[in-house]
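Colleague: how does the following fold in three dimensions:
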Amino acid sequence: MRVEDLGSVLGGLPPSPRVVTSGNSATPWTVLRALDALLESYTLHLLNPHPGVPDREGVVLETAFVGPGARRSPRLAYVPARLSMVPLLYGGTLPPDVVLLHTSAPYDGRLSLGAEVNVLPAAVEAVRARGGVVIAQADPDVPYVYGDGELPLDIFDAVVEASDPLGRPAAVPPDEVSAAIAERVAARIGDGATLQLGIGAVPDAVLAGLRGHTGLRVWSEMVSDGILDLERRGCLDAQRPLTASFLFGSDELYRWAHLNPRLRLLRTETTNDPGLIARNQAMVSVNTALQVDLYGQVNASRVKGRIHSGFGGQTDFIVGALHAPGGQAFIALRSWHPRADVSTIVPMVEEPLTSFQPSAVVTEQGVAELFGHTERQQAEHLIERAAHPDVREELREEGHALGLLT
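Modeller: Sure thing, here's the model as predicted:
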């Protein structure tokens, strides 16, 4: 189908329909913009919206994980939910009327969701059950990736051939602070561990610090270029597939993923299930935060009352890792926020919490052990080993006032 003919499959929609689309690095820009021109009002639902998504009167930007394309929008509708639970919403309070996907070109009678599987299979199932519309932007530059994102051609109401580049992370070389944090995290990871890391300077540096390891496994939300580097160096267990839910990286990563039997992208209900995460040997979860307080409570979601991101998969992976045999869950962050010019270790978080009590909090100052220690010991470790020296005395005074220190 030509993109100009898209209106022929949208005629029976209800007023202000809900449109679920690929997010993160895989937004189907050509077809999304065409749909936006055809619909006067609608709810656009996607994870991690990037700049350029339709943001105008008549459009509600609905998401369970806020990205830079929606963070400051007056039309943002944030839905708090652990990522593993988002698929349930499509059969409940957030029923889709249209699902718009950025897929590979057809291969052997199927299309692949390519770089993002995530919550999308559940959205497709929910919209088909409602008699809604499924549209693919089939793109020859999108990799065909094995796993839960392989969908038969006959479930699509329309397939539009169009090419849009997949998203790529900005190249951010690690600075001294990121490298110091990463060195401390990497030192806690042994051979044969199972990895979950996100995107950013610290996770990239942690992965670089594992280049001498062997037998590593991957069970994560995301596969990045750092994982690809370990694969090519022979650091990963060759007998176990790399399991994740989406890709975010370079053109080289996307080319490597195409028809690669080593990689499986599975639906979020699988990758983020804490019970399944807990089955992985020596599961290591590395996440970041905006603040950690003396109680071991973590805010990774809000800044001054405004939603910044969301729960994401942090709670899923922290719980899963802590229950895994030999598992560890780290919160890795700078001790001092360079933009806000404030300490990231605070007496008590005043924002809604994202998670609490990981195995340890790691900053460039050191490693603060939390799990298995008394609340007094936790507070002492955070002050003496994780907090910036300039705020330690103030934190001690606040710790006394809170009754955590004596």
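Colleague: identify the residues contacting the nearest residue to residue 330 once chain neighbours are set aside.
Modeller: In space, and not counting its chain neighbours, residue 330 is closest to residue 286: 5.0 Å by C-beta to C-beta, 6 or more residues apart in numbering. Backbone N, C-alpha and C define where each C-beta goes, glycine included. Residue 286 sits next to 185, 195-198, 202-203, 206, 330, 332 when contact means C-beta atoms under 8 Å, 6 or more residues apart in numbering.
Colleague: let's see it at 7 Å
Modeller: Counting by C-beta atoms under 7 Å, 6 or more residues apart in numbering, residue 286 touches 185, 196-197, 203, 206, 330, 332.
Colleague: neighbouring strands of the helix or strand encompassing it in the sheet, and parallel or not?
Modeller: Using DSSP states H and E, residue 286 falls within strand 283-287. Strand 283-287 sits in its sheet next to strand 194-197 (parallel), strand 328-332 (parallel), going by DSSP bridges.
Colleague: rounded mean pLDDT for stretch 299-319, please.
Modeller: For stretch 299-319, mean pLDDT rounds to 92.
Colleague: again with stretch 84-100
Modeller: On average, stretch 84-100 scores 97.
Colleague: please apply the same query to stretch 140-150.
Modeller: On average, stretch 140-150 scores 97.
Colleague: ends of it, how far apart?
Modeller: 15 Å (C-alpha to C-alpha, to the nearest Å).
Colleague: picking up where we left off before, residue 174: which of the strands paired with strand 283-287 is closest?
Modeller: Among those, strand 328-332 comes nearest to residue 174, with 12.2 Å by C-beta to C-beta.
Colleague: if we can go back for a sec, can you read off the pLDDT for the residue nearest to residue 330?
Modeller: 96.
Colleague: what separates it from residue 163, distance-wise?
Modeller: According to C-beta to C-beta, to the nearest Å, residue 286 stands 34 Å off from residue 163.
Colleague: let me see the ranges of the strands in the stretch 1-150 of the chain.
Modeller: Per DSSP state E, counting those that start in this stretch, the stretch 1-150 of the chain carries strands over the ranges 18-21, 42-45, 59-63, 76-78, 98-103, 110-112, 133-138, 150-152.
Colleague: meant to ask about the stretch 301-406 of the chain, not that
Modeller: So, for the stretch 301-406 of the chain - with DSSP E, counting those that start in this stretch - the strands run 302-303, 306-307, 328-332, 336-337, 342-343, 345-346, 355-356, 360-363, 366-369.
Colleague: residue 64: which of these is closest?
Modeller: strand 306-307 (10.6 Å).
Colleague: in stretch 69-83, which residues are buried?
Modeller: Within stretch 69-83, the residues scored as buried using 16 or more other C-beta atoms under 10 Å are 69-71, 73, 75-76, 78, 81-83.
Colleague: stretch 355-372 now?
Modeller: Buried-residue list, stretch 355-372, by 16+ other C-beta under 10 Å: 355-368, 370.
Colleague: now for the residues you listed: which two are most distant?
Modeller: Maximum distance among these (C-beta to C-beta): 22.4 Å, for 356 and 364.
Colleague: any idea which of the contacts of residue 286 is least confident?
Modeller: Lowest in pLDDT among those is residue 203, which has 88.
Colleague: tally of neighbours for that residue?
Modeller: 24 (other C-beta atoms under 10 Å).
Colleague: try residue 305
Modeller: The burial count for residue 305: 8, using other C-beta under 10 Å.
Colleague: nearest spatial neighbour of it, skipping sequence neighbours?
Modeller: Nearest one to residue 305, counting by C-beta to C-beta, 6+ apart, is residue 351 at 7.0 Å.
Colleague: for the residue lying closest to residue 395 once chain neighbours are set aside, give its distance to residue 80.
Modeller: Nearest residue to residue 395, sequence neighbours excluded (C-beta to C-beta, 6+ apart): residue 383, at 4.7 Å. Per C-beta to C-beta, residue 383 is found 30 Å from residue 80.
Colleague: and what of residue 309?
Modeller: 11 Å.
Colleague: contact partners for residue 150?
Modeller: With contacts defined as C-beta under 7 Å, 6+ apart, the neighbours of residue 150 are 110, 112.
Colleague: again, 8 Å this time
Modeller: 110-113.
Colleague: of those, closest to residue 290?
Modeller: residue 113 (30.8 Å).
Colleague: give the other helices and strands that the lowest-mean-pLDDT helix or strand in the chain contacts.
Modeller: The weakest-scoring helix or strand in the chain, judged by mean pLDDT, DSSP states H and E, is strand 355-356 (a mean of 86). Strand 355-356 sits against strand 297-299, helix 314-323, with contacts defined as 3 or more C-beta pairs under 8 Å, 6 or more residues apart in numbering; DSSP states H and E.
Colleague: give the pairing partners of it; include direction for each.
Modeller: Partners of strand 355-356, by DSSP bridges, with direction: strand 297-299 (antiparallel).
Colleague: what lies in contact with the strand it pairs with?
Modeller: In contact with strand 297-299 (C-beta under 8 Å, 6+ apart) are residues 289-293, 314, 331, 348-349, 351-358.
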